[in-house]
Structures are given as structure tokens and as C-alpha cells.
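Here is my input, please return the structure:
(2 chains)
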Amino acid sequence: MIFENLTDFGWMGGHGPYVWSAYGVALLIIGYNLISAVAHRRRVTEMNQKRRSQECDS
Amino acid sequence: MGNLFHRLGSPRPFYEISGIVLPSVGILTLISLAVGFIWALGIAPPDYQQGHSVRIMYIHVPAAIVAQSSYMMMATAGAVFLIWRIKIADMALQCAAPIGASLTFLALVTGAIWGKPTWGTWWVWDARLTSTLVLLFLFIGVIVLRSAKEGSESVGRATAILAVVGLINLPIIKFSVDWWFTLHQPSSFSLTESPSMPPEMWLPLLVMVVGFYLFFFFIWTYRVRTEILKREHRSQWVRSIDDI
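Next up is the predicted model:
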């Protein structure tokens, strides 16, 4: 570790707010990609199942 | 090898082979990003001029590199679709666009956050920044155009043409720092002018670049698999998959 304690790690010589917000946005973008991909998969799966059950009914 | 590529051009083999590869890619992505984040935030040294704000580089540079690569890949898929009309190339194009857009957005935002303590401003309308903004608009254009009519071949071709024409922007981004005076150049110069970036810095950067590439590949493969299920829903083999 390059930092002596947690306060130093958070503050980063005054650059903390910039560094942490950049990493925060990175995590948000990573999370957004994961969630939207999984949500899209769910929608498609549900639609396919719906189509299949409609075919069975008719 | 040629046979493998040939098979990957058809939806069903692509779905089956990617299903085998995807879990390992996911684990590798997780490991490399976790190692990269910890290394970049807590172990890599501060820059002698920029201090700790240089840590933003470990997000900004990989995001920008992978964003441009994903455009390259998207346009290549577009060209393949235009020439050979391979269906999966159209899906490849469609699935690369949202990931590329989000990474370009990340590169722009982290660039702005890095710019404030380094240059004293969030944004300037110079060549590198503006051409990267154009890259974001190109991605958005591709997303909007492709969604005009899902699965339609003519819309797919129009989108592919847009993606291929937009390729002209990539060399503009790359050489913008040489062709025009930009604020971006002096900043990156201070890192690259010295004989070489010290290994304590380029090693974590390399890990992050690999992590971002893997992440792109992971999400892209996952999205292409979804698209296959969507477009091939009538085929027997998709109907037989219950646990999707």
C-alpha cells in the first residue's frame, strides 16, 4: 500500500474527490452494462416463452 | 481453425461454443478488473507532477482504448454484413454499439474529471475531445438507426453503412494530438516523454486494459447470445432450450 492510513487513502493529497468520482462512474458503467444485458435477456426469454404458450393454446 | 470461424458464423454453433467459453471469460474479467482496481488505487505510485489524480488514467485510458476498438470491431462487422450478408455480423454490430457508447461516455467523463485538477477545466472544444464526442454520437446514431426496425435486413445494411463511414473518425481521434494543437497533448506528453513510463505504472495500466477488453468481450458475447434467442425464436433448437 502506498498510503499510510485510510484517511490518506480517501483524501489522496486533495485529489480524492476526483479520483473516487472517476472510479465511481467506472463502477456505475460496469454495473449498467451487466444489469441492462441481463434485463434484456430476461425480456427476450419471457417473450419467447409467451409466444410458445400462445402457440400451444391455439 | 478456419472451420471454427466458419461455424461461428452460424447462430447455433455460435450459441453453443460461446456458452462453453463465457463462464471462463467472466471469471478472468472479474479477476483482472479486481486486481487492476486494487493495484491502480492503492499500490501504483503517484505521479511526480500530477500527484494522485494520475490514478484516473487507469480508468480513462482503458475506457478510451476499448471504446475505439469496439468501434473498429463494430465497423468490421458492418463491412462483413454488407459484403457477405452474414446474419451474425449484423447481430455483432448491434450488440457492440451500446457497450462502445457506454465506454466512450466513461472516457469522456473521466477525462473531464481528470482535466479539472490537471488543466484547470472540465472541458475544452479541442480536436481530441471533440472527435471523441463525435465517436459517442456515432455510437448513438448506430443504436438509434438499428432499433428503427428490429431484425430488418435493409435497416441492418443502412446501419452497417453508417458504421463503416464513421470509421473515418478513428484516425482523426488518433492523430488529433499531432495534427492540431490540443490541450490533451501536453498532459499525455508528460507521461510518455520520459524514456518509458515506469513499470509500476504501465503494469497496472496493462492489467486494466486487459480487464476492459475482457469485460467488453464478455458483455458483447452475452448480448449476441440474447439476440440469437430473439431472432431465431422460431427454430427448433431455440425452442428446446428451457433454461435460458
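
What mean pLDDT does stretch B:236-244 get?
Averaging pLDDT along stretch B:236-244 gives 75.

An error on my part: the question was meant for stretch A:38-53.
Mean predicted confidence for stretch A:38-53 is 92.

Can you tell me how far B:Gly156 is from B:Arg85?
9 Å (Cβ to Cβ, to the nearest Å). All C-beta spots, glycine's among them, are computed from the backbone N, C-alpha and C.

Compare these two and say which is more crowded by neighbours.
B:Gly156 (24 against 12; other Cβ atoms under 10 Å in any protein chain shown).

Which helix or strand contains that one?
Per DSSP states H and E, B:Gly156 falls inside helix B:153-165.

so how far is that helix off the chain centroid?
How far helix B:153-165 lies from its chain's middle: 19 Å, per Cα atoms, centre = their mean, to the nearest Å.

Show me which residues of that helix are buried.
Within helix B:153-165, the residues that qualify as buried are B:155-156, B:159-160, B:162-164, counting by 16 or more other Cβ atoms under 10 Å in any protein chain shown.

repeat for stretch B:56-72
B:56-71.

For the helix holding B:Gly156, name the packing helices and strands.
helix B:57-84, helix B:87-119, helix B:127-146 (3 or more Cβ pairs under 8 Å, 6 or more residues apart in numbering or on different chains; DSSP states H and E).

pretty sure A:Gly24 is in a strand, no?
No. Using DSSP: H, G, I helix; E, B strand; the rest coil, the assignment for A:Gly24 is helix, not a strand.

what's the burial count for it?
Neighbours of A:Gly24 using other Cβ under 10 Å come to 11.

Distance check, B:Tyr213 against A:Gly24.
22 Å.

which non-adjacent residue is nearest B:Leu28?
Distance criterion Cβ to Cβ, 6 or more residues apart in numbering or on different chains; nearest residue to B:Leu28, sequence neighbours excluded, is B:Leu214 at 5.5 Å.

What helix or strand is the one you found located in?
helix B:199-231.

Tell me which helix or strand comes right after that helix.
Past helix B:199-231, the next helix or strand by DSSP H and E is helix B:236-239.

rewinding a little: so which of the buried residues of stretch B:56-72 are also by chain A?
B:56, B:59-60, B:63 (Cβ under 8 Å from any Cβ of the partner chain).

what's around B:Leu108, how many residues?
20.

Would you confirm that B:Gln94 contacts B:Val144?
No. Assessed by Cβ atoms under 8 Å, B:Gln94 is found out of contact with B:Val144, at 11.7 Å.

can you tell me which helix or strand residue 17 belongs to?
Because you didn't say which chain, this covers chain A. Counting by DSSP H and E, A:Pro17 is found in helix A:16-57.

Correction: the question concerned chain B.
Going by DSSP H and E, B:Ile17 is in helix B:11-38.
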